[in-house]
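J.: Dropping the sequence and predicted coords here.
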Amino acid sequence: MSNSLIDTAPDFNQPIAVLKHCHDRIRKQLQTLQNLLGHLPQHGADTAAQKAAEAVLKYFDTAAPMHHGDEEQDLMPMLQATARGADAALLAAVVPGILADHERMDAEWTILKSQLDKIANGVSTPLSVDDVNRFSEAYAAHMLTEETQIAPMAKRLFTDEQMELLGQAMQRRRGIVPTSAQTLADLRLDYGLASLSEEDVLANPIAQFSKWFDEALNAQVAEANAMSVATVDAEGKPTSRIVLIKQYDERGFTWYTNYDSQKGQQLAVNPNAALLFFWSEVERQVRIEGRVEKTSPEESDKYFYSRPVKSQLAALASKQSAPIGSRAQMEENYEAVAQAQGEQPKRPDYWGGYRLVPERIEFWQGRRSRFHDRIVYVRQPDGTWLKQRLQP
Ligand SMILES: Cc1cc2nc3c(=O)[nH]c(=O)nc-3n(C[C@H](O)[C@H](O)[C@H](O)COP(=O)(O)O)c2cc1C
């Protein structure tokens, strides 16, 4: 039970209150900056000024970035994945501005920091009124938007479980380990952001993939375009690795690589493969299975030449998946290729695209207590897709 007469920080089981508490601390630091502006002309970088500068530096170097991280990596993505209708429209209007504010405030902080560093070290240097005011005004407007638009929406929309997840993520960011020693086996997240029903999914699985992919991008899932590709060797032993998807359409899902690599050699013997996307921030997984074919040389050219020249050279300099003695040897190979090829390297025949032509695509949405939603599409001999719900 908290004593309401004493000003203590709220618990992480009330994450929105913690974020508000951070704002109050920011306001105190901004006041300290104003106080410093008044103090410095008379007293210079005396002990009081040094202490004040140190406090402001400590807060904006450590706590503020974590606060921005809470919002960018947890609060906003969770809200974006939950909000519908007018709430979703409001977020679409407000979130880009919030992210841009963070960048601007970071830039303004860099300017102030160099001045405060000197003051903290006892150097009597002036603190720019304009720099302080720009920084303070940026924060004031930003915090007001969050407190009037974002926090009330989160309080209204988030379930108890979502609040708990948000609080846990914020604790992890601060390196706070739960007090009872948590064992590996106890590590688990309960999912509850959304549901998936037969009515929700589109008739065409590629269109459904497109919808989820766009939602993952909008929710700022880290590397939403990264997918695992599983292949098997001649004896049927599986291996998997991450690649970046570069295109998808009715024909299939495409990535680019070295045809002589381990995966290339395996696909030459057995073209069956499986792709996997895991989008943790939206609690979704997509599994895609089928047979792989090479993209046409024209398609491979088009993608190869769209890449940065240094990546083109790196592809030429690397016998992907073959052992090599040292990093130095790799650098030598790169330099030799760069010398030989110049600014316009030519795509080698052994580098190009693979397209997985899907036969089965499953969409998984995490639900509470492991009672998840799974909808699978299986391609029928006539080319149509059969849709089924699978048990979790
Ligand atoms: C995020 C990420 C993206 C990657 N994207 C690609 C890619 O698009 N193409 C590629 O050949 N390797 C990519 N790699 C490297 C592969 O995971 C792998 O190391 C490499 O393709 C060799 O695999 P193999 O020996 O199984 O053929 C990526 C790795 C990571 C972690």
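T.: That came through fine.

J.: check contacts around residue 82.
T.: Contacts for residue 82 (Cβ atoms under 8 Å, 6 or more residues apart in numbering) come out as 157-158, 162, 193-194. To be clear about C-beta, it is placed using only N, CA and C from the backbone, and glycine gets the same treatment.

J.: Narrow those to those that are buried.
T.: Neighbour-count burial (16 or more other Cβ atoms under 10 Å) is assigned, among the contacts of residue 82, to 158, 162, 193-194.

J.: can you tell me which of these are up against the ligand?
T.: Here nothing survives when the buried ones among the contacts of residue 82 are matched to the ligand using Cβ under 6 Å from any ligand atom.

J.: Kindly indicate which of those lies nearest the ligand.
T.: residue 193 (23.8 Å; Cβ to the nearest ligand atom).

J.: Just to be sure, that closest one is in a strand?
T.: No: counting by DSSP: H, G, I helix; E, B strand; the rest coil, one finds residue 193 to be coil, located in no strand.

J.: hang on, it packs against residue 283?
T.: Yes: using Cβ atoms under 8 Å, residue 193 is in contact with residue 283, at 5.0 Å.

J.: Name the residues of stretch 101-115 that are buried.
T.: By neighbour count with 16+ other Cβ under 10 Å, stretch 101-115 contains the buried residues 101-102, 105, 108-109, 112-113, 115.

J.: Most widely separated two among the contacts of residue 82?
T.: 158 and 194 (12.6 Å; Cβ to Cβ).

J.: rewinding a little: the contacts of residue 82 into CSV, with extra columns for pLDDT?
T.: As requested, the contacts of residue 82 are exported to CSV (pLDDT from 0 to 100):
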residue, pLDDT
157, 96
158, 96
162, 92
193, 93
194, 94
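
J.: which stretch of helix or strand covers residue 92?
T.: Assigned by DSSP states H and E, residue 92 belongs to helix 85-120.

J.: any idea how far that helix is from the chain center?
T.: Counting by Cα atoms, centre = their mean, to the nearest Å, helix 85-120 is centred 18 Å from the centre of its parent chain.

J.: Packing partners of it?
T.: In terms of contacts (3 or more Cβ pairs under 8 Å, 6 or more residues apart in numbering; DSSP states H and E), helix 85-120 is packed against helix 15-43, helix 47-58, helix 64-69, helix 76-82, helix 129-145, helix 151-157.

J.: Repeat the analysis, applying 10 Å as the threshold.
T.: Where contact means 3 or more Cβ pairs under 10 Å, 6 or more residues apart in numbering; DSSP states H and E, helix 85-120 is packed against helix 15-43, helix 47-58, helix 64-69, helix 76-82, helix 129-145, helix 151-157, helix 205-218.

J.: Residue 18 contacts residue 11, correct?
T.: Yes: using Cβ atoms under 10 Å, residue 18 makes contact with residue 11 at a distance of 7.6 Å.
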